[in-house]
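> take a look and give me a structure for this.
(chains A and B)
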Amino acid sequence: MKAGIVSFGVYVPYYRLSRDLIAKAWGGRSMGGERSVANHDEDSITMAVQAAINCLGGINRDEVDGLFFVSTTSPYKEKQCASIVAAAVDLRRDIITIDFANSLRSGTNALRLALDTVSNGSARNILVVAADCRLGYPQSVQEQAFGDGAAAILIGNSQTVANVEKMVSSTDDIIDVWRLDTDTFVRSWEDRWVLSYGYARNMKEAILKVMKENNLATGDLTKAVFYAPEGRSHRELARDLGLSDSQLQDSLLDSVGNTGVAHPLLMLASALSEAKLGDKILLASYGDGSDAFLLQATQEIEGVKSRRDIEGYLTTKRALPAYEKYLLFRQLVAQSEEFVRLFPSATVVWRTRNWVLAGHGSKCKRCGLVTFPIQRVCYGCQSKDEYEEVRLTDKRGKVFTFSLDYLAGTPQPPVVQTVVESEGGARIYCLMTDCEAEEVKVDMPVEMVLRKFHQFGGFHNYFWKCRPVREG
Amino acid sequence: MESIKDKVAIIGMGCTKFGENWEQDSGDMIIEAAYEAYTDAGIEPKDIQAAWVGTVSAHWVGMGGLCLAEPLKLPRIPVTRVENYCTTGHEALRNATFGIASGMYDIVLALGFEKLKDTGFPGLGVGRGMHPVLEMRRTAPGSFALIATRYFYTYGLSPNEGKRVLAKIAVKNHRNGSLDPKAHLRREVTLEQVLNAPIIAWPLGLFDCCGNSDGAAAAILVRGDIAKKFKDNPIYIKGIGLSQNPMMPHFEPNFDWTGFEVNRIASRQAYQQAGITKPREQLDLAEVHDCFTITELIIYEDFGFSPKGRAKEDVEAGNFALEGDLPVNSDGGLKAFGHPIGASGLRMTYEVYKQLQGKAELPARQLKRAEVGLAHTLGGHPQVSCVAIFGINPG
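Below you'll find the model as predicted:
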């Protein structure tokens, strides 16, 4: 096979909810540990963008020929989301963009298609980015078990950190875990049947098949990365396959939760960040069948340590003080109407996409001044249309001044208003997110993140905010 | 460029009570302000040859001068609606002034009004502009708090020290407002009350913010050379400056956030026309745009009343109080009157006009020496500044 993994990146939201707090809210039993919770301004698209940017650090974005967006929680039922992610990540327009949805297995479906596409030579690199933000019914096991997160894998044919030796797939029509097109919360059939006949049977079949086709025994694997709906079935399957504890990749269920389509890729990224040359890694996912892959780490694996990996996200976090915050963030409780004086306009957003989504500023070719948003007439020297667009969203900055605004609304008051001085001198007026009011200071270092702003006009409006740089 | 000095005079003014005028709509307030001005000037509505009206409320945008012509039943004369953010009231006065100075008209009306209390929101609202996301959560207190944060940082004031200086400005303006029957907030406050008030947009607390009010104010303007035919004590326009920043400060590279170039330019233009070289000494009073206490603090410096970074010393010495050497916001300013946007510039002019004529309502607040006064509005993010200077004596 002529394709493999070139790079990977993950994203886990800043906030965590202790499962004890969920249990306390309902008077039920806690599964223990904590789950990640996307902030009120995050969704599958914004998380995907962050994972994609982490994955592309140091890589020439013009060499990416495709973007596959994967989610069962796309913010749109009709309209492509891959195109939004591609625009925010600032990829070229002449690329292939596809949305994968519905099945929990679609993360690895996308991975397989990306591998095939690159193998047959119709693309150099394809970015697969999966994100989910699923909701379990209040009081359900899923409410505790689910987590929010994203993972991105760049598939390519040169400088791969891991090559894919073999892949197999199977399909199985089974109504085990599902949502109707009108459902908010995940439904499931009796879990004993779901876990044994759905999960364990399908996974075992695919895993044994891919090992056999590659003449591998369980003992030959360095790491086994496979999806787990919850902890016990994950451990039971490992035992059944004869895997030792050290071979089994941490399921992240205690620290992050089950992140749906992103989960197998999140675990894979986690495994790759610890991998060494020659390591053999098994990847298997579940959802209406199973996909299994055998990977082998190359010498390029040694060079990936500098990127922000899962460890950073696991250690930089903040616990939500109460279960109610989760309800607020996920819009599961009604909020009073706000007096916001903005005019939604699809045409305005489209016309200004180069700065709204791609985060470009303008750099004057005459005097060198960098400004945001893009200015046709230079503020410094009044030259007209003599600028080049520069991407400011991957530059860091410092807070020049700020205010903590209690009048401006939002589910998480106060609104932190900031003027950021970006590297290169551009000033960006933006909101700060993922922060506590007490920690905001003049001169504090920040990075730019895409976030959801509102749904006026009946569509999602995204724009950039800043957040404190937290080296994990 | 010629100076506007003495070419135009004000012979009559009117101003409504500012506040939560639940029982009045815009038309009622317009009528009240205009008829007070007619009476003060001793003219009839039919004498007016042209009118300029200032308002920024969205429902009047695009509706020209109808908001004025209809309630006043103006006799088919030209009426122009103007707006320029918070300088809107001043903009009506400024354009009316140039209308007279052009020689086209002899008597005109300038009126500003705003009806803010019909929105259901206790402030000017959240978000601004034609772009769907760029200013999503921008509020006025949030933007002006950006100045306070950076000012404190630049001049080494701890938040507590900084807030104490600002609180003294609030205490002063509340005291002045308590003496003016037309003010919205007519209550004195203590330093402790100001410091302990809830935060609106850190570091600004409740008493650092001006009120949210309804109001209208009007002026009758005539040619300077015929002013005395109407009135013994007309007030002459000595200079008007206006400056607009070409970029929102929030996005402006190198903007220092401790003062505003537009304030410095607009005041310099007005000083120059009025022949003022030492504003601190030559001005007898100044009505400045204290939408927030921090705004008043930086205006002291932008206008040359205090050296840069040292307005604190003047505040602590009480130099801008009613008894100080340069009383600032002798009527309580926006702090006590609130800021019905289109009305404010003319309400400030009303205070200067009355003080220069020696006709402040209560003797307790009449300044002893009042011959030259300044009125100033600062609008936008802030981005536009207008300074007008008036004098009781021609020449």
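> partner strands of the host helix or strand of A:Leu294 and their direction?
For A:Leu294, the element it lies in under DSSP states H and E is strand A:289-297. Paired neighbours of strand A:289-297 in the sheet (DSSP bridges): strand A:162-171 (antiparallel), strand A:280-286 (antiparallel).
> determine which stretch of those is the most buried.
strand A:280-286 (a mean of 26; mean count of other C-beta atoms under 10 Å in any protein chain shown). C-beta: built from backbone N, CA, C; applies to glycine.
> centre of the chain to that one, how far?
From the chain centre to the centre of strand A:280-286 is a distance of 19 Å (C-alpha atoms, centre = their mean, to the nearest Å).
> count of neighbours near the closest residue to B:Gly333 other than its chain neighbours?
Leaving aside its chain neighbours, B:Gly333 sits nearest to B:Asp290 (4.2 Å; criterion: C-beta to C-beta, 6 or more residues apart in numbering or on different chains). Look at B:Asp290: counted by other C-beta atoms under 10 Å in any protein chain shown, it has 29 neighbours.
> any idea how far B:Asp290 is from chain A?
18 Å (C-beta to the nearest C-beta, to the nearest Å).
> check contacts around that residue.
B:169, B:173, B:210, B:296, B:299, B:329, B:333-335 (C-beta atoms under 8 Å, 6 or more residues apart in numbering or on different chains).
> cool, A:His263 as well?
A:His263 neighbours (C-beta under 8 Å, 6+ apart): A:107, A:132, A:149, A:227-228, A:252, A:285.
> check A:Arg112 too.
A:167, A:169, A:291, A:293.
> of the residues you listed, which pair is most distant in space?
A:Ser169 and A:Phe293 (9.6 Å; C-beta to C-beta).
> ok, and the most crowded of the contacts of A:His263?
A:Gly107 leads the contacts of A:His263 on contacts (other C-beta under 10 Å) with 34 neighbours.
> just to check, that one is in contact with A:Ser285?
Yes. With contacts counted by C-beta atoms under 8 Å, A:Gly107 reaches A:Ser285, the gap being 6.3 Å.
> pull up the overlap in contacts between these two.
A:263-264.
> gap between A:Leu342 and B:Asn84?
A:Leu342 sits 22 Å away from B:Asn84, going by C-beta to C-beta, to the nearest Å.
> now B:Lys308
27 Å.
> which of the two has more neighbours?
Counted by other C-beta under 10 Å, B:Lys308 and B:Asn84 do not tie: B:Asn84 has more neighbours, with 25 against 14.
> quick one: stretch B:298-312 to chain centroid distance?
For stretch B:298-312, the distance to the chain centre is 18 Å (C-alpha atoms, centre = their mean).
> list the buried ones in that stretch?
B:298-306, B:311-312 (16 or more other C-beta atoms under 10 Å in any protein chain shown).
> alpha carbons of the lowest-mean-pLDDT helix or strand in chain A, as PDB, please.
Ranked by mean pLDDT, DSSP states H and E, the helix or strand of chain A with the weakest confidence is helix A:310-315, at a mean of 88. Extracted in PDB, the C-alpha atoms of helix A:310-315 (Å, rounded to 0.1, in the frame of the first residue of the first chain):
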ATOM      1  CA  ILE A 310      -3.300  14.300  23.800                       C
ATOM      2  CA  GLU A 311      -1.200  14.600  26.900                       C
ATOM      3  CA  GLY A 312      -1.400  18.400  26.700                       C
ATOM      4  CA  TYR A 313      -5.100  18.300  26.500                       C
ATOM      5  CA  LEU A 314      -5.500  15.900  29.300                       C
ATOM      6  CA  THR A 315      -3.400  18.000  31.700                       C
END
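> that one packs against which elements?
The contact analysis (3 or more C-beta pairs under 8 Å, 6 or more residues apart in numbering or on different chains; DSSP states H and E) places helix A:310-315 against strand A:4-11, helix A:263-272.
> sorry, back to before: pLDDT added to the contacts of B:Asp290, as CSV?
CSV is the format used below for the contacts of B:Asp290 (pLDDT from 0 to 100):
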residue, pLDDT
B:Ile169, 98
B:Asn173, 98
B:Cys210, 95
B:Glu296, 98
B:Ile299, 98
B:Asn329, 98
B:Gly333, 98
B:Leu334, 98
B:Lys335, 98
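> what's the separation between B:Gly241 and B:Cys386?
Distance from B:Gly241 to B:Cys386, by C-beta to C-beta: 7 Å.
> between the two, which is the more surrounded one?
For B:Gly241 versus B:Cys386, neighbours defined as other C-beta under 10 Å are more numerous around B:Cys386 (32 against 25).
> list the buried residues for the helix or strand harbouring that one?
Here B:Cys386, judged by DSSP H and E, is contained in strand B:384-391. Residues of strand B:384-391 classed as buried: B:384-391 (neighbour count, 16+ other C-beta under 10 Å).
> equivalent analysis for stretch A:455-467, please.
Of the residues in stretch A:455-467, those buried (16+ other C-beta under 10 Å) are A:456, A:460-467.
> hmm, it touching chain B?
Yes. Stretch A:455-467 reaches chain B (C-beta under 8 Å from any C-beta of the partner chain) through A:456-457, A:461-463.
> among those, which are located in strands?
Of those, the ones assigned to strands by DSSP state E are A:461-463.
> that older thread, okay if I get the strands paired with strand A:289-297 as a markdown table plus distance to A:Gln139 and mean pLDDT?
Converted to a markdown table, the strands paired with strand A:289-297 look like this (distance: least, C-beta to C-beta, whole Å; pLDDT from 0 to 100):
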| stretch | distance to A:Gln139 | mean pLDDT |
| --- | --- | --- |
| strand A:162-171 | 33 | 96 |
| strand A:280-286 | 25 | 97 |
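> turn these into CSV, including distance to B:Ser143.
What follows is those, written out as CSV (distance: least, C-beta to C-beta, whole Å):
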stretch, distance to B:Ser143
strand A:162-171, 50
strand A:280-286, 49
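> so what touches the least confident helix or strand of chain A?
A:10-12, A:252, A:255-256, A:266, A:269-270, A:273, A:471-472.
> ok, which stretches of the chain are helices?
Unless you meant another one, I'm taking chain A. Assigned by DSSP state H, chain A shows helices spanning A:19-26, A:44-56, A:82-88, A:106-119, A:141-145, A:191-193, A:201-213, A:231-241, A:263-272, A:310-315, A:323-329, A:346-351, A:353-356.
> nope, chain B
Using DSSP H, helices in chain B cover B:26-41, B:66-72, B:88-101, B:140-154, B:159-178, B:191-196, B:227-230, B:261-274, B:279-282, B:293-302, B:311-317, B:333-337, B:341-357.
> please identify the most buried of those.
Comparing these by mean count of other C-beta under 10 Å gives helix B:333-337 as most buried, with a mean of 31.
> re earlier: chain center to the strand holding A:Leu294: distance?
20 Å.
> check residue 25 and give its pLDDT.
I'll assume chain A. With respect to pLDDT, A:Ala25 has a value of 97.
> correction: the question concerned chain B.
Taking B:Asp25 on its own, its pLDDT is 95.
> so who does it touch?
Going by C-beta under 8 Å, 6+ apart, the list of residues near B:Asp25 reads B:Lys115.
> hang on, A:Phe69 packs against A:Phe100?
Yes. Contact criterion C-beta under 8 Å: A:Phe69 and A:Phe100 qualify, at 7.0 Å.
> skipping its backbone neighbours, what lies nearest whichever residue of the stretch 51-200 of chain B sits closest to chain A in space?
Per C-beta to the nearest C-beta, B:Ala145 is where the stretch 51-200 of chain B lies closest to chain A, at 3.2 Å. Counting by C-beta to C-beta, 6+ apart, B:Ala145 lies nearest to A:Ser403, which is 3.2 Å off, once chain neighbours are set aside.
> what is the neighbour count of that neighbour?
So A:Ser403, with other C-beta under 10 Å, has 30 neighbours.
> might you report the residue contacts of it?
A:416-417, B:141-143, B:145-146, B:148-149, B:201-204.
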